[in-house]
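Peer 1: with the input below, show me the fold.
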Amino acid sequence: MSKTKSVGCYGGPVPERPDPWREIWAYDEALSLVLAQVVRIVEELPADERPRWWAAVEHDLRMHAVVTDLYLDLGLELETAGREEFARLLEDAATRLRDRKEFTAEQAAAWEVHEGATVIFRSAEPRATEPAAELAGALAVLLRGKLEAPSPGALWRYGAPGGREEVAMAGLSAE
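Peer 2: Purely as a prediction, here's the structure:
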């Protein structure tokens, strides 16, 4: 299992080579926590206040929270209004994760996300939630098409314990 997951928002077929404006790498533990938090936020809403598109994407979001080796198309085939609503949910998740401050193995093990699988967590020690909050914010920006480009030949990686960093990508030119 990989510790990073490719996440993009292309609004169509995924290109052969990543576009640094539309794709990032996400640390899987942080992405798992972010997506689980979004699910929880929506679950807390009365059924009649949940996004209209929620039923169509909930299963995929839950699955991506626990299966880390698959590409995540963040656009989820949503229309513009749905993407904006999803971006606001990600921003809400970022706020809640910042407020939480840290996350533990016990909390992860108790947080079922998809078919008995729980939030991904590989540490015996508590982890700060700030990197996950930063990832949630970056995903919201990515959905809106306003992600800052990294240096030529690199992609951003978000969610790792040290925070955002550039990752050089072989074969990714400065075009």
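Peer 1: tell me which element residue 26 is part of?
Peer 2: Assigning secondary structure by DSSP states H and E places residue 26 in strand 23-27.
Peer 1: my guess is residue 158 meets residue 138, correct?
Peer 2: Yes - with the criterion set as C-beta atoms under 8 Å, residue 158 and residue 138 qualify as a contacting pair; they are 4.8 Å apart. C-beta here means a position set from N, CA and C on the backbone, and glycine is covered the same way.
Peer 1: list the contacts of residue 91.
Peer 2: Residue 91 is in contact with 136-137, 140, counting by C-beta atoms under 8 Å, 6 or more residues apart in numbering.
Peer 1: err, residue 117, not the other one
Peer 2: The contact partners of residue 117, taken as C-beta under 8 Å, 6+ apart, are residue 66.
Peer 1: OK, contacts around residue 140?
Peer 2: Counting by C-beta under 8 Å, 6+ apart, residue 140 touches 87-88, 90-91, 94.
Peer 1: hang on, residue 17 packs against residue 171?
Peer 2: Yes - applying C-beta under 8 Å, one finds residue 17 in contact with residue 171, separated by 6.8 Å.
Peer 1: more neighbours: the two, which one.
Peer 2: Neighbour totals were compared for residue 17 and residue 171, and residue 17 leads with 12 against 8 (other C-beta atoms under 10 Å).
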